[in-house]
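S.K.: just need the structure, nothing else, for what follows:
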Amino acid sequence: MEESTDNLDLSKFESKLYKSQPGKEQALFEKVLAAAVAADRRGFFVEMQTVLDQDPSLKTAEVELVFETSKFQRAMEDRGVKTTNNPNLTLRQETFLQAYLNPLNLKPPQVLAKQMKISIAELDGWMRDKHFAGAFSAKAEDNLKKYLPIADQALGQMVQSGDMKAITFLNQLTGRFDANARSSIDVGSLLLQVQDIVLRHVRDPITKRNIGRELMALAQGNSPITVIPEPQPDDILISETTIEILPANEGN
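M.R.: Numbering: from 1, shown residues only. Take a look at the predicted model:
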């Protein structure tokens, strides 16, 4: 009496696939293969669920067992069927990612790995692998984008029901109104207004021009200290008087 496929491990199952007399292992293999090819021809990515959908008589454990065999991998390659989106990942890794990051999955990775007969040590090793970690992050980000329409719909429903928090959040999200936001200030326009105010009250033309130069420099992002001021007549007079006095002091 032949051993049931439910009790076979991968190595035993695969060894029986190469027997001279085809047994039920080969029949199961052909059944899963046919379902996988059918999924591919319908435009589906070949993964656990899409294969099960093609043949309701198949069990998850049976498909998992066949998927892990090297013979199945070669059969897929020979037919040009992709069993992994990422060439750096194995089929087991890809299958785990597809199952864990399914939007409808609520199981933690350890529970899902146990159900898929993946040891914690093996899963830990995958998490440390840069290719797997990168694919994990990319898939998670892609899934997050899929939730955005759902979030928008939920927000819209809350707004329709009159939820003030949702209405406030929507206004902030769209930029229509935010009570906590600071109004943006046009610095250049503000400085021009300041200049107009100063020049209306300052009578001296040289002082006006000096103030205007410094404000202009400030508006352009420069320091007003770098501006060379136009000298006042009193400054010139004092400078000339100092020059005349100096020789007399030196003579003393």
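
S.K.: got phi/psi on Asp163?
M.R.: Torsion angles at Asp163 (phi, psi; degrees, to the nearest 10) stand at phi -70, psi 110.

S.K.: ok, it - contacts?
M.R.: The contact partners of Asp163, taken as Cβ atoms under 8 Å, 6 or more residues apart in numbering, number zero. For the C-beta atoms, the positions are set from N, CA and C on the backbone; glycine is no exception.

S.K.: and it, how close does it get to Leu28?
M.R.: According to Cβ to Cβ, to the nearest Å, Asp163 stands 54 Å off from Leu28.

S.K.: which secondary element of this structure has the worst mean pLDDT?
M.R.: Least confident helix or strand of the chain, by mean pLDDT, DSSP states H and E, is helix 233-251 with a mean of 50.

S.K.: measure how buried the closest residue to Ile118 other than its chain neighbours is and give me the count.
M.R.: Among residues not flanking Ile118 along the chain, Phe96 sits closest, at 6.3 Å (Cβ to Cβ, 6 or more residues apart in numbering). Neighbourhood size, Phe96 [other Cβ atoms under 10 Å]: 23.

S.K.: got the phi and psi for Phe96?
M.R.: Main-chain torsions, Phe96, degrees, to the nearest 10: phi -60, psi -40.

S.K.: my guess is it contacts Gln110, does it?
M.R.: No: the pair Phe96 / Gln110 is not scored as a contact, 11.6 Å apart, by Cβ atoms under 8 Å.

S.K.: what is the burial count for Thr95?
M.R.: When neighbours are counted by other Cβ under 10 Å, Thr95 registers 23.

S.K.: what of Arg213?
M.R.: So Arg213, with other Cβ under 10 Å, has 15 neighbours.

S.K.: identify the residues contacting the helix or strand harbouring it?
M.R.: Per DSSP states H and E, Arg213 falls inside helix 205-219. Here helix 205-219 makes contact (Cβ under 8 Å, 6+ apart) with 187-188, 191-192, 194-195, 198-199, 202, 223-224, 226-227, 229-232.

S.K.: skip ahead from the longest helix along the chain and say which helix or strand is next.
M.R.: Criterion DSSP state H: the longest helix present in the chain is helix 130-160. Using DSSP H and E, the helix or strand that follows helix 130-160 in sequence is helix 164-174.

S.K.: outside of stretch 108-123, which residues touch it?
M.R.: With Cβ under 8 Å, 6+ apart as the test, stretch 108-123 has contacts from 64, 92, 95-96, 99-100, 105, 107.

S.K.: which among the residues you listed count as buried?
M.R.: Buried members of those, counted by 16 or more other Cβ atoms under 10 Å: 64, 92, 95-96, 99-100.

S.K.: please pick the buried ones from the contacts of helix 205-219.
M.R.: 191, 195, 199, 227.

S.K.: pull the contacting residues for the first one.
M.R.: Counting by Cβ under 8 Å, 6+ apart, Leu191 touches 215, 218-219.

S.K.: so which strand or helix has it?
M.R.: In this assignment (DSSP H and E), Leu191 forms part of helix 187-201.

S.K.: gap between stretch 95-104 and the chain center?
M.R.: A distance of 18 Å separates the centroid of the chain from that of stretch 95-104, by Cα atoms, centre = their mean, to the nearest Å.
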